[in-house]
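Participant: Build the 3D model from these lines:
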Amino acid sequence: MNFDVVIVGAGIVGAACAYHAVRAGLSVCVVDRGPLAGGTTGAGEGNLLVSDKEPGPELDLALLSNELWRAMAGVPVGGATFGARAELDPKGGLVVAASDTTLTALAGLAAHQAAAGVTAEPVTADGLRDHEPNIAAGLAGGFRYPQDMQVQPMLATALLLRLVRDAGATTLFGEPVTEFLRAGDRVTGVRTPRHTLAAGAVVNCAGTWAGAVAELAGAPVPVAPRRGFILVTEPLPRVVRHKVYFADYVADVASDDAGLQASPVVEGTASGTVLIGATRERVGFDRTWSPEAIRRLAAAAVRLFPFLAGVVALRAYRGFRPYCPDHLPIIGPDPRAPGLWHACGHEGAGIGLSAATGRLIAQSLRGEPADLPLHPFRPERFAEVPA
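Facilitator: You can find the predicted model right below:
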């Protein structure tokens, strides 16, 4: 089989890359070693955040994604709109500070974010309960971020791939890539146990396994797993209106600490459950159940919303975020292996950043000017040695 592009990975980033590639007129095949959204995407919360990012390339990527997600909401699919079917909810975020010192730091971050295009609205201590009636007493205040949104990640991935297939693309599941095809140094496709897929370009969207795929192509990238647990409560009335989290969460996201961290992001869902995420720790691909991680996550959530102490947790699940050492994703062509592109290493922000990532990859594949500079995300940056 011959295609313009083979995309390795059927999570949200691969689906977004496929969607934008077919919209650009390219013939596409999406191939995955497992099922649709079977990796990081299927274990995600669905955060579409701008509030948790410092000004810089990642925030620029998040703002572009935010625009694209909002535009995507009205796209017809399956007799409804994408937004309705994917539970796309522009609920906004509420970031709170437990102390005056933390609130001062949060205000400084919000000012810098506002200069970059983020809307951040100050909320006084007394005003917090106007936005979240059930929030803990005694907090110093916070900021409301109306651009923050939520999506159901598996539904969003499935709908994007439905649109891709409707446009004539091919999807292959349960087929691991075992070999990269080459003509000299150039990548010309991939081989699976059942198919040989020739292509003008191959895009590595393999999430937490992107490092192994890149190694197979002879162009290594340092993507590693970072484990996280998420709690899901019993269905409740809409008792949490926003995405709500302590300001410390921003520091945990940017941390290089390999140890266990638990900063709660609490939010209601369309089904009535409350999602409580998430922990972070680098333990390789160890899927061992961690009572300590669950205990710390639950305790942190109760500090934010005390009523949760009397709520039943129905289940918890875990997954692995694709961690990069500099906390930036890897997006763009790899000069070490012409014909190979990467779209990986988004850590816990991949669902939110997927829309812009797909757009930039499609523009790069077509040789068109990109909406954002790709230089900060270049795959070869980790191998570069300063002069």
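
Participant: Next secondary structure after the helix or strand bottoming out on mean pLDDT in the chain?
Facilitator: The helix or strand of the chain with the poorest confidence is helix 248-254; it has a mean of 69 (mean pLDDT, DSSP states H and E). Counting by DSSP states H and E, the next helix or strand C-terminal to helix 248-254 is strand 261-268.

Participant: For L161, see how far away the residue lying farthest from the centre of the chain is.
Facilitator: Distance from the C-alpha centroid of the chain peaks at G184, with 34.8 Å (CA atoms, centre = their mean). Distance, G184 to L161, using CB to CB, to the nearest Å: 33 Å. From N, CA and C alone the C-beta is placed, and that goes for glycine too.

Participant: What segments of the stretch 151-300 of the chain are strands?
Facilitator: For the stretch 151-300 of the chain, the strands defined by DSSP state E, counting those that start in this stretch occupy 170-172, 179-183, 186-191, 196-204, 224-233, 243-246, 261-268, 274-280.

Participant: Now the host helix or strand of N66: average pLDDT?
Facilitator: Using DSSP H and E, the element containing N66 is helix 57-72. Averaged over helix 57-72, pLDDT sits at 98.

Participant: Repeat that for stretch 88-107.
Facilitator: Model confidence over stretch 88-107, given as mean pLDDT, is 96.

Participant: For the remainder of this discussion, apply numbering that starts at 49.
Facilitator: Taking 49 as the first residue, the last one we looked at is stretch 136-155.

Participant: From one end of that stretch to the other, what's the distance?
Facilitator: Using CA to CA, to the nearest Å, one end of stretch 136-155 lies 28 Å from the other.

Participant: Tell me the buried residues in it?
Facilitator: 136-137, 139-146, 150-151, 153-155 (16 or more other CB atoms under 10 Å).

Participant: List just the nearest of those residues to G90.
Facilitator: Ranked by distance to G90 (CB to CB), the buried residues of stretch 136-155 are led by L136 at 17.7 Å.

Participant: Identify the residues contacting whichever strand or helix holds A64?
Facilitator: Secondary structure from DSSP H and E places A64 in helix 60-71. Applying CB atoms under 8 Å, 6 or more residues apart in numbering, the external contacts of helix 60-71 come out as 52-53, 55-56, 76, 78, 80, 85, 89, 92, 201, 204-205, 208-209, 211-212, 215-217, 251, 253-255, 391-392, 394, 398-399, 401-403, 405-407, 409-410, 413.

Participant: What's the first helix or strand after it?
Facilitator: strand 76-79.

Participant: tell me the domain boundaries of the protein?
Facilitator: For the chain, automatic domain parsing gives the domain ranges 50-120+201-270+374-431, 141-194+272-371.

Participant: and these as a markdown table, adding distance to G126?
Facilitator: As requested, these are exported to a markdown table (distance: least, CB to CB, whole Å):
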| stretch | distance to G126 |
| --- | --- |
| domain 50-120+201-270+374-431 | 7 |
| domain 141-194+272-371 | 17 |
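
Participant: looking at those, which is closest to A128?
Facilitator: domain 50-120+201-270+374-431 (9.7 Å).

Participant: still on that earlier bit, show me the buried residues of stretch 136-155 that map onto helices.
Facilitator: T150, L151, A153, L154, A155 (DSSP state H).

Participant: pLDDT score for the nearest residue in space to L279 that is not next to it in sequence?
Facilitator: Spatial nearest neighbour of L279, chain neighbours left out: I324 (4.1 Å); criterion: CB to CB, 6 or more residues apart in numbering. For I324, the pLDDT comes out at 95.

Participant: Likewise for A318?
Facilitator: In this model, A318 is scored at 86, pLDDT.

Participant: Quick check: the residue farthest from the centre of the chain vs P181, distance?
Facilitator: Separation of G232 from P181 (CB to CB): 65 Å.

Participant: swap in P273?
Facilitator: Distance, P273 to P181, using CB to CB: 38 Å.

Participant: Comparing those two, which residue is more hemmed in?
Facilitator: The neighbour comparison of P273 against P181 (other CB atoms under 10 Å) goes to P273, with 23 against 11.

Participant: Can you give me every residue that contacts the more buried one?
Facilitator: Residues near P273 by CB under 8 Å, 6+ apart: T256, R330, V331, G332, F333, F368, R369, P370, Y371.

Participant: Identify the farthest-apart pair in those residues.
Facilitator: Greatest spacing in these, by CB to CB: V331 and P370 (14.5 Å).

Participant: So between those two, which is more surrounded?
Facilitator: Set V331 next to P370 and count neighbours by other CB under 10 Å: P370 wins out with 27 against 16.

Participant: tell me which residues of stretch 277-296 are tucked away?
Facilitator: Neighbour-count burial for stretch 277-296 flags 277-281, 284, 287-296 (criterion: 16+ other CB under 10 Å).

Participant: Please disregard the earlier target; I meant stretch 363-374.
Facilitator: By neighbour count on 16+ other CB under 10 Å, the buried set for stretch 363-374 is A364, R366, G367, F368, R369, P370, Y371, C372.

Participant: Show the model's pLDDT score for the third one.
Facilitator: This means G367. We have a pLDDT of 93 for G367.

Participant: Need the nearest residue in space to it, chain neighbours excluded.
Facilitator: Per CB to CB, 6+ apart, closest to G367 is A91, 2.3 Å.
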